[in-house]
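> when you get a sec, could you give me coordinates for this:
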Amino acid sequence: MERTTHLLLLGSLLIACQPVDALPVDGGADAHAEDARPAVDAEADAVVESPDAVTRDAGPSPDAAALDAGRADAAPSADAQSVDAGTRDAGRADAASRICEPAAVETRRCGLNDRGEQARVCTGDGFSPWGQCVDPDACVDDALDVDTCQNGIRQRRCRGGQWGPWRCETDRCLPWQFTDIDVEGQVWLGDATIDAFSQHRGTCGGDGVEVTYQLTVPARAALCLRAVGHGIDPILYVRRACRDPGSEVGCDDDGGGLTTAQLRLTLEAGSYVVFVDSVERDAGGQFSLYVLEQTPEGDCPDLE
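Numbers count the residues shown, from 1 in each chain. Model prediction:
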């Protein structure tokens, strides 16, 4: 009994002599809870600070998934593209077979007057190039071919794609072809347009056969030139030089009303060439040509 008592007392003294820092804090359960709190808080802080990480781990949002699904629906699959391409190729093949059947021949118009013909043949790969144009025509309809001859000018006209015979005509600008007229002159002349060619044309027309006159103006004068048609629609024009269209000083068709051509000109002293022409090429008839002085008011005088 005595030995046991002394040991207990010694153990109490040893416990009493331990440092304060080594003693346990109040209640073991509280200490463990306090030690565990920082770890829990750290995990919570990690969750709060990186919500994106949680979102990424959770997978795409519903909106993103819907968008991706829409893209997938909009983009055709490889199989769908292959089907579409096959459909298009088949459509092209069908169209080609309808347009071009083996040994089929296709023709079209060609040539100077669109009366010729050229052809192409369908081969296994489509139509061949167009062949040579087989054209029976030698010239363009109504074209004129002009050359010189012993009397002046020869011409031939293209009719129905073929050249007509040459006709040698006197050059109407030769001086001895002119009829001299003066102020206050009047001339009657038959115009044999059917049996001749047009050699000249004014800026306002003149596809028929023209007749030329030489007008002599002794002094500066205000004149009225008038051509009245009888069976033709006359064209009236005046030049300083017969063969020079650029020297034209005036041209008129119906300035006098109906089929009357009329020019009011102020001409300096000198010589001029007056052309009485006609609108239509193959027309024949007569005309009256008047050369009169203008009235003081600048008008053309009335014809008696």
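> so residue 155 makes contact with residue 197?
Yes. Judged on C-beta atoms under 8 Å, residue 155 makes contact with residue 197 at a distance of 4.3 Å. (Each C-beta comes from the backbone N, C-alpha and C, glycine too.)
> any idea how far the closest residue to residue 285 other than its chain neighbours is from residue 198?
Nearest non-adjacent residue to residue 285, counting by C-beta to C-beta, 6 or more residues apart in numbering: residue 231, 2.3 Å away. From residue 231 across to residue 198, the span is 17 Å (C-beta to C-beta, to the nearest Å).
> who has more neighbours, the two?
Neighbour totals were compared for residue 231 and residue 198, and residue 198 leads with 17 against 14 (other C-beta atoms under 10 Å).
> what sits against the more buried one?
Contact partners of residue 198, counting by C-beta atoms under 8 Å, 6 or more residues apart in numbering, are 206-210, 277, 281.
> now for those residues, which pair is the farthest apart?
210 and 281 (11.4 Å; C-beta to C-beta).
> compare these two (neighbour count), which wins?
residue 210 (23 against 15).
> let me know the pLDDT of that one.
According to the prediction, residue 210 has pLDDT 88.
> which residue is the nearest non-sequential neighbour of it?
residue 277 (4.1 Å).
> mind checking how far the one you found is from residue 238?
12 Å.
> who has more neighbours, the two?
It is residue 277, of residue 277 and residue 238, that has more neighbours when counted by other C-beta under 10 Å, with 31 against 22.
> contacts only, for residue 254.
Neighbours of residue 254 in contact, by C-beta under 8 Å, 6+ apart: 233, 260-261.
> among these, which are in helices?
Of these, none are assigned to helices by DSSP state H.
> most surrounded residue in those residues?
Those, ranked by neighbours (other C-beta under 10 Å): first place residue 261, 30 neighbours.
> wait, doesn't that one sit right on residue 252?
Yes. With contacts counted by C-beta under 8 Å, residue 261 reaches residue 252, the gap being 4.8 Å.
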